[in-house]
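Peer 1: Give the three-dimensional model of this entry:
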Amino acid sequence: MPVVDVSGLTFTYAAGTSPAIRNLSFQIDRGEIFGFLGPNGAGKSTTQKLLVRLLRGYEGTVSVLGHDLAEWGAKYYEEIGVSFEQPNHYLRLTGSENLSYFRRLYLGRTRQPDELLEMVGLAGEGDRRVAQYSKGMKTRLSVARALLNDPQLIFMDEPTAGLDPVGGRRIRTLIRELKEAGRTVFLTTHDMTVAGELCDRVAFLVAGEMPIVGSPAALKLVHGSRTVAIEYHLHGSPGRREFPLDGLHANAAFLALLRDATINTLHTQEATLEDVFLRVTGRGLG
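Peer 2: Residues are numbered from 1 along each chain as shown. Below is the predicted model of the structure:
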């Protein structure tokens with residue numbers, strides 16, 4: 001049974017004249033990192049808000065953790081974790097005090113604040129007031145708070161936004177560890193590099209519609225160029241050529257370069273997820 005099963009999901013804001021999202025259908029399996037990708041305003045956050053029950057009144061059917069989303073009560077929040085894009089902490093409390101406060105809101109077993117701070121790279125920072133935290137530290141604290149109840153399903157909205165390289169690497173490693181532990185991650189982002197590195201499958205969202213869902217590797221192969229680029233020096237001059245991958249083993253010009261030239265680089269011309277997005281939707285990420 002899928003952890004998340006969505007069919008025909010459509011939602012229109014009260015002040016809107018057209019749906020913010022239209023007829024979305026997708027499934028997310030247990031232990032999967034599912035990426036929800038698209039530019040700002042595409043409907044990513046609207047979809048996440050519907051799935052965490054911050055918005056109601058949708059059309060279509062949604063099942064989460066084996067139950068109709070509309071039938072879940074307060075127990076739903078014992079089962080899921082949510083890390084919002086905009087951190088919302090009590091700034092006058094320390095990092096540890098923030099986690100301890102929210103920990104008391106759960107009825108079931110929870111994790112220790114110190115353990116969570118260690119997981120997100122904030123060990124030793126728990127006694128500082130959150131008002132003194134940088135933007136990246138606040139983002140990591142939000143991720144820690146989302147894991148307080150050791151949830152089976154975690155919603156993460158731009159969890160690496162605003163992080164320095166070290167902090168971003170820490171969070172990406174943590175997301176992989178969650179997957180290895182059998183947790184399911186719904187990752188909302190417009191960062192195609194992060195999505196390509198982490199996600200088992202991605203869904204493209206543009207103007208409230210979902211034109212394609214698939215694994216990053218498969219999408220890159222389908223929409224990429226089946227060529228290999230070679231950069232070399234031959235007779236003292238630099239050069240660059242591309243050759244089709246099909247029949248490469250018998251390509252006389254390619255084999256001659258391998259034999260006669262000094263090879264500097266050799267790599268396939270794989271499309272990026274951003275390339276795929278542009279080719280599928282006809283739109284950039286701006």
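Peer 1: contacting residues for residue 85?
Peer 2: By CB atoms under 8 Å, 6 or more residues apart in numbering, the contact set of residue 85 is 45, 157-158, 161, 188. To be clear about C-beta, it is placed using only N, CA and C from the backbone, and glycine gets the same treatment.
Peer 1: Equivalent analysis for residue 240, please.
Peer 2: 229-232.
Peer 1: now, which of these lie within helices?
Peer 2: In helices, judged by DSSP state H, none of the contacts of residue 240 are found.
Peer 1: Make a ChimeraX selection of whichever of these turn out to be buried.
Peer 2: Buried residues within the contacts of residue 240, by 16 or more other CB atoms under 10 Å, are selected in ChimeraX with:
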select :230,232
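Peer 1: now, the most widely separated pair of the contacts of residue 240?
Peer 2: Pairwise distances across the contacts of residue 240 (CB to CB) peak at 10.4 Å, for the pair 229 and 232.
Peer 1: all helices for this structure, in order.
Peer 2: With DSSP H, the ranges of helices along the chain come out as 44-51, 76-79, 95-103, 113-119, 135-146, 165-180, 192-198, 216-223, 252-260, 273-281.
Peer 1: Not counting its own residues, what contacts the shortest one?
Peer 2: Taking CB under 8 Å, 6+ apart as the criterion, the residues outside helix 76-79 that touch it are 53, 64-65, 106-108, 149, 151-153.
Peer 1: what's the answer for the fifth one, then?
Peer 2: When contacts are defined by CB under 8 Å, 6+ apart, helix 135-146 is touched by residues 81-84, 87-89, 95, 98-99, 102, 113, 116-117, 119-122, 125, 130, 133, 154-156, 159-164, 167, 170-171, 174.
Peer 1: who's in contact with residue 74?
Peer 2: Listed by CB under 8 Å, 6+ apart, the contact set of residue 74 is empty.
Peer 1: any idea how far it is from residue 48?
Peer 2: Here the criterion is CB to CB, to the nearest Å. By it, residue 74 lies 19 Å from residue 48.
Peer 1: next one: residue 78
Peer 2: Distance, residue 78 to residue 48, by CB to CB: 19 Å.
Peer 1: center of the chain, which residue is that?
Peer 2: The residue lying closest to the centre of the chain (CA atoms, centre = their mean) is residue 187, at 3.3 Å.
Peer 1: Does it touch residue 199 like I think?
Peer 2: Yes. Using CB atoms under 8 Å, residue 187 makes contact with residue 199 at a distance of 6.4 Å.
Peer 1: number of nearby residues for residue 1?
Peer 2: Residues within reach of residue 1, counting by other CB atoms under 10 Å, total 9.
Peer 1: how about it, what does it touch?
Peer 2: residue 66.
Peer 1: ok, now how distant is the most far-flung residue of the chain relative to its centre from residue 163?
Peer 2: In the chain, counting by CA atoms, centre = their mean, residue 235 sits farthest out from the average C-alpha position, at 47.1 Å. Distance, residue 235 to residue 163, by CB to CB: 48 Å.
Peer 1: likewise residue 136?
Peer 2: In this view, residue 136 and residue 163 are 4 Å apart by CB to CB.
Peer 1: show me where pLDDT drops low in this structure?
Peer 2: Scanning the chain for pLDDT under 70 picks out 282-286.
Peer 1: coming back round to it: and residue 136 and residue 163? Which one has more around it.
Peer 2: Between residue 136 and residue 163, residue 163 has the larger neighbour count (other CB under 10 Å), namely 22 against 19.
Peer 1: Please name the residues that touch the more buried one.
Peer 2: Neighbour list for residue 163: 136, 139-140, 171 [criterion: CB under 8 Å, 6+ apart].
Peer 1: try it again with 6 Å
Peer 2: By CB atoms under 6 Å, 6 or more residues apart in numbering, the contact set of residue 163 is residue 136.
Peer 1: Likewise for residue 81?
Peer 2: By CB under 6 Å, 6+ apart, residue 81 lies in contact with 146-147, 151, 154.
Peer 1: Please tabulate these in TSV, including the columns neighbour count.
Peer 2: Converted to TSV, the contacts of residue 81 look like this (neighbours: other CB atoms under 10 Å):
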residue	neighbour count
146	22
147	21
151	19
154	22
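Peer 1: how about the residues you listed in CSV, adding distance to residue 27?
Peer 2: Below are the contacts of residue 81 laid out as CSV (distance: CB to CB, whole Å):
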residue, distance to residue 27
146, 22
147, 24
151, 19
154, 17
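Peer 1: What number of residues are in the vicinity of the nearest residue to residue 129 once chain neighbours are set aside?
Peer 2: Distance criterion CB to CB, 6 or more residues apart in numbering; nearest residue to residue 129, sequence neighbours excluded, is residue 94 at 5.6 Å. Neighbour count of residue 94, defined by other CB under 10 Å: 19.
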